[in-house]
Every structure is written in structure tokens, then in C-alpha cells.
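Visitor: here is the input, now give the coordinates:
(one chain, ligands or ions: 2)
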Amino acid sequence: MELHGGDLVAKVLSAHGVKAVYSLCGGHISPILVGCKQAGVRVVDVRNEATAVFAADAVSRITGVPCVAVVTAGPGVTNTVTAVKNARMAQSPMVLIGGAAPTMLKGRGALQDMEAGPLMATVVKAALSVRRNCDIVSALENAFSITREGVPGPVFVEMPVDLLYPESLVRSWYAEATGAKSAKTVGDRLKSLYLRHHVDRMFSCNLDEMKTAASEAAPLLPDSKLVKQVAGMLDQASSPVMVLGSQSMLAPERAGDLVAALDQLAVPAYLTGMARGLLGEDHRLQIRHHRKTALKQADLVIMAGMPCDFRMDYGRVLGRGTRLVAANRSKHDLYLNRKPDVAFHADPLLFIMALARETAASEQHRWTGWRDSLKRTDGQREAEIDAWAGVSGPYVNPVLFFRKLDRFLTGNTILVADGGDFVATAAYTLSPKGPLQWLDPGVFGTLGVGAGFALGAGQARPDAEVWILYGDGSAAYSIAEMDTFVRHGLPVIAVVGNDAGWTQIARDQKEILGDDVATVLARTDYHRVAQGFGAEGIVVKSNQEIDAALDTARAGAASGKPVLINLWIDSSDFRKGSISM
Ligand SMILES: Cc1ncc(C[n+]2csc(CCOP(=O)(O)OP(=O)(O)O)c2C)c(N)n1
Ligand SMILES: [Mg+2]
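Guide: Ligands and ions are numbered 1, 2, ... in the order given. Below is the predicted model of the structure:
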């Protein structure tokens, strides 16, 4: 069969280390999907385009290799907008390929036609469009460079359908569509000439001869003089704290180096976003609770890949006399809301490594007592959480559930968080056992990431046990992907914290505005929905049933079946007063 544009797309993806693409089919993109399959790039077909993007985002975050979603023209593209914006806000690299109407028929009433570029430009790092077969390779290579360099973010590449199908077929379509075959009048002949010129231009390159190669992004290095200065500041500090954000995890293969550097620095550290779990479960330097108090008391705060956004109270969380050292790939984020005393417009990972090289390894610092006191307060908070786990109500106590789940999980787990209160309780009480074992939407706070993230996690780390922690509200955004898990043999375990409501919203809405309108759901049989898709479904209504359900779920997953636990949970004041804006 004649080589076509779809084959070429597949060839470029392969050359860039892409192992799988996520997609929902459409005639506009069929050649890409078939081309991928034939080139050995796995095609994972999902039930909603947003899922495809969430999955690609998760693979990119876990592997560090930008992953790809392929969606059809028009509604296929528009369905991705939220997921793409979420990836943009999470600074996640990925490439979205969107189909488009034929080049000659754009704006002439073609099926699924739209101006996708201007819409997508508002949510992506870059929106590219291909108009000639010569540009397929360069556009994709450009996309792979742009998505990773500096501050990573999704790149959109629009590929019109007529560039993807075999040239001979496209020529015959055009001839038929314009009646050129039976041209009799001068006007008809001119039209046919124009058409031939258009198609010749579109297909001016020989696909067999096109070459592709992956390139490396240039590292953003920290200024070494300033690093020395910070090493001096650290040496003089008596209550330093470090905050690590997602941006420090953009090179997953270097997580071990990062841990070694943190060990050497010996500064007490809070881990946020994708950095959660970096130090394992029980590291001497990791502090989990009372971050605001610690930051207020600290005399030196080092923020690596973490801006002073709402999580840092827009910078107000730092004490007046606190000196701030920040490293960020984004200049905007580096100076956001609070000007650092020393600023590194650099890769935060490279900054930490460089700082560790300037610092002598020692366990005795001015701040050893400070670190011990933070650890002690952390221990007290854990004891309070244990007390919450002891409260009993009519159904399952969510804190108790997470305490049990925490003990049940192995070191080879990925937890996906998709929900409100239930999931925030999980974030607060569960400890990921290692790096990149916790995935949440990030600062955009999008509900509905669950199945897509789990799909990506399962594909990126086939050996890991993947759990989705869902609220009952959130679950319904992506529960249809149970079907995808079944078809692709991905034994994900989903837990739905079923409190019959959008509780995180209800809590404040009722208290402030006195009305629960639009926040009430039913105790729906989500386990039966899962069964309908061919997965295993379990319902748990009391604390006594938790242990058995966890065992059953693990056994089901081990036998290759996805499982959904419909967990009827009690309402609780555990998260009262914890809303952020
Ligand atoms: C796409 C999207 N829509 C709405 C929201 C607003 N929102 C945040 S938390 C929440 C409630 C989530 O309910 P559920 O998943 O049941 O978790 P619960 O709080 O009940 O544990 C809502 C609606 C959002 N963050 N994202
Ligand atoms: Mg709920």
C-alpha cells in the first residue's frame, strides 16, 4: 500500500520514544491510527477525548517522555479543551494531534470544520498547523521540542485530513468533488488546473525520503556564583525549610539523584504536587503537616519549582523577616506575589543538585533542633488523625479507610486522586511510598482526571498497582472508561467515596448561603455500573467490611480484572474550614 501522511506521523512518534497514543477514532485521523498500529505504536482507544489527553499527560509526567493524544476534527478537538488546559497549568509536556477538514474545503461547509487554531492557542503552549506534506515531520519535531523546553506545556498540531490519506486517493477525491474529471468549459478547466496546483503543492515532498530525529532540550542552568551565595546563607540559617514542587520532577529518571542531593542538604522539606512521595514514606527530612506555621517561623525558605500561589497564601505565608530563595523555570512564577531574595531562573532540579555540591554533607547543623521540633509536631498531628480514624458513624469512616489502605499498599503503587473532600482527606492521610506514585490534577483542580490518569499510569508502569481515589461526584465524569480498562486488560482499582453529594462544595455553600441546591446526589450503585462494563464491583457499607474488600479488590486486579469499590462513607468534619480560593 502507498505510504501516506499517517504513516509519516507514526514514524516521527516512534523516533521520539512514543510507545502508545491515546485516541477516540474519527475518519479525519484514521490514517494516523492505522499508521501507528503498523509502526508498532500502541493505539489505546478511549470513550471520551478528554480521557485521551489526561492519559497522555499522566504518561508524560511519569516517564518524562512527552506522550501523544490524537483526536478527530471539530468536536474531537473541542472535547479536549479542559484536559489540555489542565496539562498547561500542571506544566506537563504532551502533544495533541487534531484532525481537520480538507485544506481546500475549509470554510466551505465541510463536516466537523472549525477554526481550531485560535481556540486551542488560548490553552496550549503553542498551536501549530500543517498545510503541506513536507511540513509533517518538522511540525511534529517542533512540537516535541517546544513541549519540553523551558516551562513544559501541551502543544497542539492540526493535521488536515487530505494530508494524511494516500496521495492518489486524495487526488481522486478532489477531482470528483470539483467535477474536474468532466471539465468542459474554460472555467472548469481553470478550476481543475488550480486544483492540480493546490494538490501538487500539498504533496510536493516524497514521503519515502523524509528523515526524523529526536533532539535534546537545552538545560536551564543555575548561576554558580549565586549558588555559592545560597550555600553560605544556608550555612548561617537556623530554621530553614525547603518546598519542592512539581517542576523539580520533570526528569523522573533523575529522582534518585534528587533524593541524594536532598539527603546531603539535610534541610527539612515539604513535598507538593508531583514531588509527593519523592522521599518515600518515612524520611528523616520530610515534614507533612503544619506547613503554614513552619514557613512563618522559618528564617530561610527555599522554594524549588513551586510558585507563591494560593497554596502559599499568595506569598503571605512567609514571615516578614524570612529570606526567600526560589528556583523556577518560569520567570513569571519565580516572581509571583513575592520577590525572592535570591532568584534562579533555572531548572529547580539542577539548582538543588548544584546547591548540594556546594554544601558539605553533615547531620549536625544549626537547624538540627528545629528539624526535630518539626518532626515532633508532625507526629502529634498524625496522632490526631488516628483519633479521627476512631470516630464511628453509620457507614465507613473515610479516615479509618485511608489508614487501612495506607498499610495495605505496597511500594509499587500509583495513586490517582480525582475528587473533593474524600480525595483531599486521602492526600492528607496517605503517604505515597515512592517518587511519582501520586497523581492529582494540579493547580487547575479539574474533576474528571481519574480514569485518564490511571490509564496513562498503568501503561507507563505496567508492573504497578494503580488505584483511583474518586469522589462520587467526580467518578461519573470518567466511569465509562471502566470499559476501556476491561478492553485493554488494565486491572485498575477504583474506590468511590460515596457520600451522596458534591460535599466539598456543599459544606461551605450550606454554611455561608444556607442552601444545598445542586450539591446533592444519590447513593448510586456505582459498583453495578462497573459490573455493567465487565469490571468487578464491590459495595462496602461498614468499617468491618474494609479489610475483606481490599483483599478482594487486590485479588480481582491480580487476576487481570478492573475493580470498583463503592464505599459508602460517613459525613465528617475532618475537612471543615479547609477551602482554598
Ligand atoms: C470540572 C470541575 N467541575 C466542578 C468543580 C468544582 N468542584 C470542586 S470539588 C467538587 C465536589 C466534588 O464532589 P465529589 O467528587 O463527590 O467529592 P466529595 O467532595 O463529595 O468528597 C466540585 C463540584 C471542579 N473542580 N472541576
Ligand atoms: Mg461526594
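
Visitor: give me the residues contacting the helix or strand Met233 falls within.
Guide: Taking DSSP states H and E as the criterion, Met233 maps to helix 224-236. Residues from elsewhere that reach helix 224-236 (C-beta atoms under 8 Å, 6 or more residues apart in numbering): 240, 265, 267, 300, 302, 323, 325, 342, 344, 351, 354-355, 358-359, 366. The way it works is simple: take the backbone N, C-alpha and C, and place the C-beta from them, glycine included.

Visitor: how about the contacts made by the residue of the stretch 251-400 of the chain found nearest ligand 1?
Guide: Closest approach between the stretch 251-400 of the chain and ligand 1, counting by C-beta to the nearest ligand atom: Pro398, at 8.3 Å. Counting by C-beta under 8 Å, 6+ apart, Pro398 makes contact with Phe422, Thr425, Gly497, Leu567, Ile569, Asp570, Ser572, Phe574.

Visitor: and the residue nearest to it when sequence neighbours are not counted, its phi and psi?
Guide: Of all residues not flanking Pro398 in the chain, Ile569 sits nearest, at 4.7 Å (C-beta to C-beta, 6 or more residues apart in numbering). Torsion angles at Ile569 (phi, psi; degrees, to the nearest 10) stand at phi -110, psi 150.

Visitor: for Ile569, give me its contacts.
Guide: Applying C-beta under 8 Å, 6+ apart, the residues contacting Ile569 are Tyr395, Val396, Asn397, Pro398, Phe401, Phe422, Gly497, Asn498, Asp499.

Visitor: any idea how far the fourth one is from Leu234?
Guide: As defined by C-beta to C-beta, to the nearest Å, Pro398 lies at a distance of 40 Å from Leu234.

Visitor: and if you look at the last one?
Guide: Using C-beta to C-beta, Asp499 is found at 45 Å from Leu234.

Visitor: more neighbours, these two?
Guide: Neighbours were counted for Asp499 and for Leu234 using other C-beta atoms under 10 Å; Asp499 has more, 27 against 22.

Visitor: show me which residues of this structure are close to ligand 2?
Guide: Gly471, Asp472, Gly473, Asp499, Thr503 (C-beta under 5 Å from the ion).

Visitor: tally of neighbours for the first one?
Guide: Right, the one you point to is Gly471. 27.

Visitor: need phi/psi at it.
Guide: Torsion angles, degrees, to the nearest 10, at Gly471: phi -80, psi 160.

Visitor: got it, and Lys106?
Guide: Backbone torsions of Lys106, given as degrees, to the nearest 10, read phi -60, psi 130.

Visitor: still on that earlier bit, in strands only, show me the contacts of Ile569.
Guide: Gly497, Asn498 (DSSP state E).

Visitor: which two of the contacts of Ile569 have the greatest separation?
Guide: Spanning the widest gap among the contacts of Ile569 are Asn397 and Asn498, at 13.6 Å by C-beta to C-beta.

Visitor: which one of these two has more residues nearby?
Guide: Asn498 (29 against 22).

Visitor: pretty sure the more buried one contacts Thr524?
Guide: Yes - with contact defined as C-beta atoms under 8 Å, Asn498 counts as touching Thr524 (7.4 Å).

Visitor: tell me how far His283 lies from Gly99.
Guide: On the measure of C-beta to C-beta, His283 and Gly99 end up 47 Å apart.

Visitor: so between these two, which is more surrounded?
Guide: Between His283 and Gly99, counted using other C-beta under 10 Å, Gly99 has the larger neighbour count: 25 against 14.

Visitor: the top helix by length along the chain: which residues count as buried?
Guide: Determined from DSSP state H, the single longest helix within the chain is helix 368-389. Within helix 368-389, the residues that count as buried by 16 or more other C-beta atoms under 10 Å are Trp370, Arg371, Leu374, Asp378, Ile385, Trp388, Ala389.

Visitor: with stretch 304-324 instead?
Guide: Ala304, Gly305, Met306, Pro307, Cys308, Arg311, Met312, Val317, Leu318, Thr322, Arg323, Leu324.

Visitor: with stretch 1-9 instead?
Guide: Here stretch 1-9 shows His4, Gly5, Gly6, Asp7, Leu8, Val9 as buried, counting by 16+ other C-beta under 10 Å.

Visitor: one more: stretch 526-545?
Guide: For stretch 526-545, the neighbour count (16+ other C-beta under 10 Å) marks 526-527, 529-530, 533, 535-540, 543, 545 as buried.

Visitor: what's the end-to-end length of that stretch?
Guide: 17 Å (C-alpha to C-alpha, to the nearest Å).

Visitor: also stretch 93-111?
Guide: End-to-end span of stretch 93-111 (C-alpha to C-alpha): 30 Å.

Visitor: need the per-residue pLDDT for Asn79.
Guide: Looking at Asn79, its pLDDT reads 98.

Visitor: all numbers from here: first residue = 59
Guide: Done: numbering now begins at 59, and the last item shifts to Asn137.

Visitor: okay, among the contacts of Pro456, which ones form the most distant pair?
Guide: Applying C-beta to C-beta across the contacts of Pro456, the maximum distance is between Leu625 and Phe632, 15.2 Å.

Visitor: what's the closest of the contacts of Ile627 to ligand 2?
Guide: Minimum distance to ligand 2 across these is 4.4 Å, recorded for Asp557 (C-beta to the ion).

Visitor: low pLDDT regions in the chain?
Guide: For the chain, residues meeting the criterion pLDDT under 70 lie at 236, 238-239, 636-639.

Visitor: up against ligand 1, what does the stretch 459-608 of the chain have?
Guide: Contact residues (C-beta under 6 Å from any ligand atom) of the stretch 459-608 of the chain with ligand 1: 477-480, 503-506, 529-532, 555, 557, 559-563.

Visitor: from those, which ones fall inside helices?
Guide: Those of those lying in helices (DSSP H): Asp479, Phe480, Asp530, Gly531, Ser532, Thr561, Gln562, Ile563.

Visitor: ok, and the most crowded of those?
Guide: Ranking those using other C-beta under 10 Å puts Phe480 first, with 29 neighbours.

Visitor: dump the residue contacts of that residue.
Guide: Phe480 makes contacts with Pro456, Leu527, Tyr528, Gly529, Gly555, Asp557, Thr561, Ile627, as judged by C-beta under 8 Å, 6+ apart.

Visitor: ok, now Asp371?
Guide: Contact analysis of Asp371 by C-beta under 8 Å, 6+ apart lists Lys350.

Visitor: quick check: it vs ligand 2, distance?
Guide: With distances taken as C-beta to the ion, to the nearest Å, Asp371 is found 27 Å from ligand 2.

Visitor: now do the phi/psi pair for that residue.
Guide: When read as degrees, to the nearest 10, the backbone of Asp371 gives phi 50, psi 40.

Visitor: Lys568 reaches Val578, doesn't it?
Guide: No - shown here, Lys568 and Val578 do not form a contact pair, counting by C-beta under 8 Å, at 10.4 Å.

Visitor: hang on, the earlier thing: between Leu625 and Phe632, which one's more packed in?
Guide: Leu625 (27 against 19).

Visitor: and the buried residues of stretch 362-382 as CSV, adding secondary structure and distance to ligand 1?
Guide: Shown next, in CSV, are the buried residues of stretch 362-382 (DSSP: H, G, I helix; E, B strand; the rest coil; distance: C-beta to the nearest ligand atom, whole Å):
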residue, secondary structure, distance to ligand 1
Ala362, strand, 27
Gly363, coil, 23
Met364, coil, 21
Pro365, coil, 20
Cys366, coil, 22
Arg369, helix, 15
Met370, helix, 20
Val375, coil, 22
Leu376, coil, 27
Thr380, coil, 31
Arg381, strand, 35
Leu382, strand, 30
